[in-house]
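sequence plus the predicted model coming up.
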Amino acid sequence: MTNLNKALTIAGSDTSGGAGMQADLKTMEELGVFGMTALTCIVTMHPTTWEHSVFPLPIDLVEKQLVTAIEGVGINAMKTGMLGSAALVEAVAAAIDKYALQNVVIDPVMVCKGCDLILVPDAAQAIKKLLLPRCDIITPNTVEAAYLADMPEVKTAVQIREAAERILAAGAKNVVIKGGERLADDAAIDVFYDGKEFLEMAVPKIYPSYNHGAGCTFSAAITAGLANGMTMKEAVKQAKAFVTAALRYGFPINTIVGCTNHTAYKKYGAC
């Protein structure tokens, strides 16, 4: 009998199926990991404007989900996604401490695609204060990296490296900063830093860019790799290959947005 390693995602539900816990579970399953969820909110989208509506779940309900997954089943790794309040961040930090959780992946969801503003400042501050020192790796985009590193902006490869050093100095064990489309470069560049060396992972940018859920997918792939016993660097490199394939074979789900294809890595191989 196959005994799958297990991972938990603490994230919101994206009703469209492209991001959030849906992307996390699809990614984990494709990489051979049994995924579980602690839902933090439900997100719906207007069918013609794609305007988002967020419906938070009570914190005590999130905590009960954590007990179910961690005490009732057990986990080999965990990740966070949308944490919409400082109180929720505090609850997650308390669970990490209570259960001495390992392989903690923090995806600091502070901004939405196409937006460079911090959405919930109190929650962002709590992530910086409470989860940054507790994570095994954190996966910010360049806007989030600038916030975490106390920098005015992160828009160049040099600034990415400076931000990575600052984020580790603030308590993270490892960091991977996603350059993505925000860098003025022909390549999609992600930079991993473990305090000893930088690993720059660059692939040509992919157009059209059906990238809804790409950040969730990337952090979930790292989580799955760690759950399966990979080293941090191995997990990050696999995640880069997984999300690149997912973007290469992405597809439109309506006239407004297109999603990453979570089946592509297994079906077509690394790109």
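Now that the structure is in, tell me what you want to look at.

which is the succeeding secondary structure element to the longest strand seen in the chain?
Under DSSP state E, the strand in the chain containing the largest number of residues is strand 33-45. Once the chain leaves strand 33-45, the next helix or strand it forms, by DSSP states H and E, is strand 52-56.

that's a helix at residue 223, yeah?
Yes: counting by DSSP: H, G, I helix; E, B strand; the rest coil, residue 223 is found in a helix.

for it, report the pLDDT, please.
Per-residue confidence at residue 223 stands at 98 (pLDDT).

burial count for the residue lying closest to it once chain neighbours are set aside?
Distances taken as C-beta to C-beta, 6 or more residues apart in numbering put residue 79 closest to residue 223, at 4.2 Å, once the chain neighbours are dropped. From N, CA and C alone the C-beta is placed, and that goes for glycine too. The tally of other residues near residue 79 (other C-beta atoms under 10 Å) stands at 30.

phi first, then psi, for residue 79.
Here is the backbone geometry of residue 79 (degrees, to the nearest 10): phi -140, psi 160.

before we move on, the earlier item: buried ones in the longest strand of the chain?
33-41, 43, 45 (16 or more other C-beta atoms under 10 Å).

as CSV, could you dump the C-alpha coordinates of the biggest helix by length in the chain?
Taking DSSP state H as the assignment, the helix of the chain that covers the most residues is helix 232-248. These are the backbone C-alpha positions of helix 232-248, laid out as CSV (Å, rounded to 0.1, in the frame of the first residue of the first chain):
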residue,chain,number,x,y,z
MET,A,232,15.3,23.1,0.2
LYS,A,233,17.3,23.8,-3.0
GLU,A,234,15.9,20.6,-4.7
ALA,A,235,12.4,21.6,-3.7
VAL,A,236,12.8,25.1,-5.1
LYS,A,237,14.3,23.9,-8.3
GLN,A,238,11.5,21.4,-8.8
ALA,A,239,9.0,24.1,-8.0
LYS,A,240,10.5,26.4,-10.7
ALA,A,241,10.2,23.6,-13.3
PHE,A,242,6.7,22.8,-12.2
VAL,A,243,5.4,26.3,-12.4
THR,A,244,7.2,27.0,-15.7
ALA,A,245,5.5,24.0,-17.3
ALA,A,246,2.2,25.1,-15.8
LEU,A,247,2.6,28.6,-17.4
ARG,A,248,3.8,27.2,-20.7
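
run through the stretch 51-200 of the chain and note the low-pLDDT ranges.
Across the stretch 51-200 of the chain, the ranges flagged by pLDDT under 70 are 112-117.
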